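1. Turn this into a structure:
(chains A and B)
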There are 2 protein chains.
Amino acid sequence: MFGSIFNSLESFLIMQNFTYYNPVRIVFGRNSIARLPDLIDAQKRILFLYGGGSIRKNGVYDQVRQALQGRALVEFAGIEPNPRYETLMRAVALAKTEKIDFLLAVGGGSVLDGSKFVAAAVRFAGKDPWDILNKQAPVRDALPLGTVLTLPATGSEMNGFAVISRDSSQEKLAFGSEKVYPRFSILDPAVTQSLPRDQVANGIVDTFVHVMEQYMTFPVNAPLQDRQAEAIWLTLIERAPAILKEPVDLDERAVYMWCATQALNGLIGCGVPQDWTTHQIGHELTAFYGIAHAPSLALVLPAVLRSQRDRKKEKLHQYGERVWGIRETGTDSLDAAIDHTRDFFESLGVPVRLKDYNITDRHFSAIVDRFSQRGSKLGEHGDISSEKVAEILQMIA
Amino acid sequence: MFGSIFNSLESFLIMQNFTYYNPVRIVFGRNSIARLPDLIDAQKRILFLYGGGSIRKNGVYDQVRQALQGRALVEFAGIEPNPRYETLMRAVALAKTEKIDFLLAVGGGSVLDGSKFVAAAVRFAGKDPWDILNKQAPVRDALPLGTVLTLPATGSEMNGFAVISRDSSQEKLAFGSEKVYPRFSILDPAVTQSLPRDQVANGIVDTFVHVMEQYMTFPVNAPLQDRQAEAIWLTLIERAPAILKEPVDLDERAVYMWCATQALNGLIGCGVPQDWTTHQIGHELTAFYGIAHAPSLALVLPAVLRSQRDRKKEKLHQYGERVWGIRETGTDSLDAAIDHTRDFFESLGVPVRLKDYNITDRHFSAIVDRFSQRGSKLGEHGDISSEKVAEILQMIA
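-> Just a heads-up that it's a prediction; the model follows:
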């Protein structure tokens, strides 16, 4: 009864005031890596950051070196998945020693995120750059950064956010700043040719959930943003089989690449409440149990939706109807929308059940304790406590 | 037969390479004019450009003066609808005399477009700034510009384009440059409170046709852009009655304002062929016959679609099905999609028939002659000659 009054009040809520600013220059399409020389001033001293060497195998490394022949270029390799603070601080030291004034990040979301942190840390005026993550210390300046994206998924190529992990404290923390927007991002679908199938499937899940976090809250009067979000889902669902098929169809990879970018560049989040509970719990599954990012989301999202089903019912209904074609109303239709979502992840080959992982602590007490210690409340209403997180984790166990 | 081969070949065309760059900072929502002091550096000498004085009646003028109290501010009033080169060159002279280093455009698309031209002309290194329009002379520098939008329609607040008219030659010409992107645009739905109903209806038509010009071509593999375009149409069609109703519902005006901005900020045009035939013919109806911009589009668009119906059949069918719910296939369904479009414009109260205007030359020979002299070919295939333009004009006569 109280719930239904609350929900009907919320239905009248208006679009929120917002600022949208996204100055990233997207250079999209075949052979776009060759445009690097036009995008970086000739006199810049460039630090070329990358990951574990996959770019050496797929030809991207050679394309970058070729395009930047004759430029002052220093390399920093070895930024790992879930980029580690400890690794990145070595890049910071190198950038200072080498008097670097431009960062070129070549890789997936981890390399891009890590490079954003390096950009901010090199110019950080405070004592300890960890404060950028731990205390959300303001980023007042950063090295300019450009990117060549090799694994579409995180949206990092067109936003000012980064997620960084620290070994010593088993923490995975985020920061965001306008100062770390890439000056440009090169998106050439051909670089995805050699990606393993499961990485592409994971990227589709990550993209799907990014849209969900910005959509599945309480309704405000933002019908365009709703439909822009649904546009991404409808495209992903329609094209997922073609995106994943072998031999690779680069035109379909182009579609996927643009979906991933549009899902987290701020546009669909303009003026609407956001959730991010699934990401916050998922990050802890990664930090404590080593479950990769997208699979952690595929595990957590259905549980979050079931737990919050009645509070999210208006948007869940709209989602079910417009995205999955569910015509019925009522509780069953809400459950059906959640089932469709989980089944979609499963159809991509991404595990959606905890039994697929070797996890013995079924109470996830380390995660619950951490939320309890932080005292953070999750969700669009800011009322998901650590007790509620424990309930959600039980639902996936 | 040849046509059908051509069409089936085109169906396999891929998403085009593209660059997307849009650094405009959108400040959206109630009371956002008060944020002006944070958006313009304190030491700037500001030229405050506006139109015919409506902003003096609706309180926007006072809000701007209030927000910028104590700043070095010079005014230039009188930028007219279809802004005139002759008027704008007086603003250029004033900006130079007053050593202006920031332009603040407050008004609708005409004031914004006119101010973009002023921004480029003040810093133009060539001899005659008319060359920017007439010869597409490159704009290498421009004064920084900010805007307060009062009439959503043209999308000028979030792009680098402007359309300028010249009395002496009865011309209406466009230019575009990254240098004239607004540094910021303030979008406060409250400023639309006092707009006459027909200006809002015209703005809805303008927005609708902007989407059409970037969508209704031949199909390429860009399903996300298609759905992002359809998102704007579906929102406009669903909300048009609420947007136009009295008393004004500012929350619905906010929806409309964001649709208008999203329709022409480059996003939905990424990687797809574009048409713009309707705008190019419409501009001449404005230049020669004084028909306002949106009504000229409402007249011309249905004729262009009928004329190009078979060449645009794939996208016309998709549009009819997804936007108007037409389930049938075949020629009738294409005609139905065109009829729905014209009926929608009519439902807004915008004239869609030539008899609503007092035009005696039913051959539109001045317009046809102009296209003939220019030798320009319109349309996504670049094959709509002046003879074809004459046919299209006959269809509206």
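2. what residues are up against residue A:91?
-> Going by CB atoms under 8 Å, 6 or more residues apart in numbering or on different chains, residue A:91 touches A:47, A:49, A:76, A:79, A:114-115, A:118. (Glycine included, C-beta is placed from N, CA and C.)
3. Name the helix or strand for it, please.
-> helix A:85-97 (DSSP states H and E).
4. cool, residue A:147 as well?
-> Using DSSP H and E, residue A:147 falls within strand A:145-149.
5. what distance separates stretch A:133-143 from the centre of its chain?
-> 19 Å (CA atoms, centre = their mean, to the nearest Å).
6. right, is that stretch up against chain B?
-> No: using CB under 8 Å from any CB of the partner chain, we find that stretch A:133-143 stays clear of chain B, coming within 15.7 Å at best.
7. Endpoints of that stretch, how far apart?
-> End-to-end distance for stretch A:133-143, by CA to CA, to the nearest Å: 17 Å.
8. Could you tell me the average pLDDT over it, please?
-> Average pLDDT, stretch A:133-143: 96.
9. and that stretch, which residues are buried?
-> A:133, A:137, A:139, A:142-143 (16 or more other CB atoms under 10 Å in any protein chain shown).
10. Just those: which are in helices?
-> residue A:133 (DSSP state H).
11. Excluding sequence neighbours, find me the nearest residue to the most centrally placed residue in chain A.
-> Nearest residue to the geometric centre of chain A (CA atoms, centre = their mean): residue A:154, 3.3 Å. Counting by CB to CB, 6 or more residues apart in numbering or on different chains, residue A:154 lies nearest to residue A:109, which is 2.8 Å off, once chain neighbours are set aside.
12. go on, residue A:224?
-> Residue A:224 sits nearest to residue B:235 (CB to CB, 6+ apart), 4.6 Å away.
13. if I've got this straight, the one you found is in a strand?
-> No: assessed with DSSP: H, G, I helix; E, B strand; the rest coil, residue B:235 is helix; it does not lie in a strand.
14. what's the neighbour count on it?
-> As a burial measure, residue B:235 scores 24 neighbours (other CB atoms under 10 Å in any protein chain shown).
15. I'd assumed residue A:216 was in contact with residue A:275.
-> Yes: applying CB atoms under 8 Å as the test, residue A:275 and residue A:216 come out as touching, 6.2 Å apart.
16. And the residue of the stretch 251-397 of chain A at minimum distance from chain B, how far from residue A:238?
-> Across the stretch 251-397 of chain A, the shortest distance to chain B (CB to the nearest CB) belongs to residue A:251, at 4.6 Å. Taking CB to CB, to the nearest Å as the measure, residue A:251 falls 14 Å from residue A:238.
17. Chain B contacts on the stretch 251-397 of chain A?
-> Proximity of the stretch 251-397 of chain A to chain B, by CB under 8 Å from any CB, involves residues A:251-252, A:254-255, A:258-259, A:262, A:267, A:270-271.
18. Next SSE downstream of the top strand by length along chain A?
-> Ranked by number of residues, the top strand in chain A under DSSP state E is strand A:18-28. With elements assigned by DSSP H and E, the helix or strand that comes after strand A:18-28 is helix A:36-39.
19. Would you indicate which residues of that following helix are buried?
-> In helix A:36-39, counting by 16+ other CB under 10 Å, buried: A:36, A:39.
20. Are it and chain B in contact anywhere?
-> No: Helix A:36-39 is not in contact with chain B by CB under 8 Å from any CB; minimum separation 10.2 Å.
21. helices and strands around the helix or strand just after that helix, which ones?
-> With elements assigned by DSSP H and E, the helix or strand that comes after helix A:36-39 is strand A:45-49. Under the contact definition 3 or more CB pairs under 8 Å, 6 or more residues apart in numbering or on different chains; DSSP states H and E, strand A:45-49 sits against strand A:72-76, helix A:85-97, strand A:102-107, helix A:109-122.
22. what angle sits between the second one and strand A:72-76?
-> Spelled out, that is helix A:85-97. Interaxial angle of helix A:85-97 relative to strand A:72-76 (axes from the mean of the first three to the mean of the last three CA atoms, to 10 degrees): 160 degrees.
23. buried ones in helix A:85-97?
-> A:85, A:87-88, A:91-92, A:94-95.
24. Show me how the record splits chain A into domains.
-> A:25-192, A:196-396 (automatic domain parsing).
25. With distance to residue B:316 as added columns, please give these in CSV.
-> As requested, the domains of chain A are exported to CSV (distance: least, CB to CB, whole Å):
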stretch, distance to residue B:316
domain A:25-192, 27
domain A:196-396, 20
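26. who touches residue A:238 in this structure?
-> Contact partners of residue A:238, counting by CB under 8 Å, 6+ apart, are residue B:223.
27. sorry, that was for residue A:201
-> Per CB under 8 Å, 6+ apart, neighbours of residue A:201: A:244, A:294, A:348-350.
28. same question, residue A:83
-> A:110-111, A:113-114, A:117, A:164-165.
29. What's the local residue count around residue A:337?
-> 23.
30. oh sorry, the question was meant for residue A:212
-> Neighbours of residue A:212 (other CB under 10 Å): 24.
31. Any chance of the backbone angles for it?
-> Backbone torsions for residue A:212, taken as degrees, to the nearest 10, come to phi -60, psi -40.
32. What pLDDT does the model give it?
-> 98.
33. Contacts only, for it.
-> A:275, A:278, A:301, A:341.
34. what packs against the helix or strand hosting residue A:303?
-> Assigned by DSSP H and E, residue A:303 belongs to helix A:293-307. When contacts are defined as 3+ CB pairs under 8 Å, 6+ apart, helix A:293-307 packs onto helix A:197-215, helix A:277-289, helix A:331-347, helix A:386-396.
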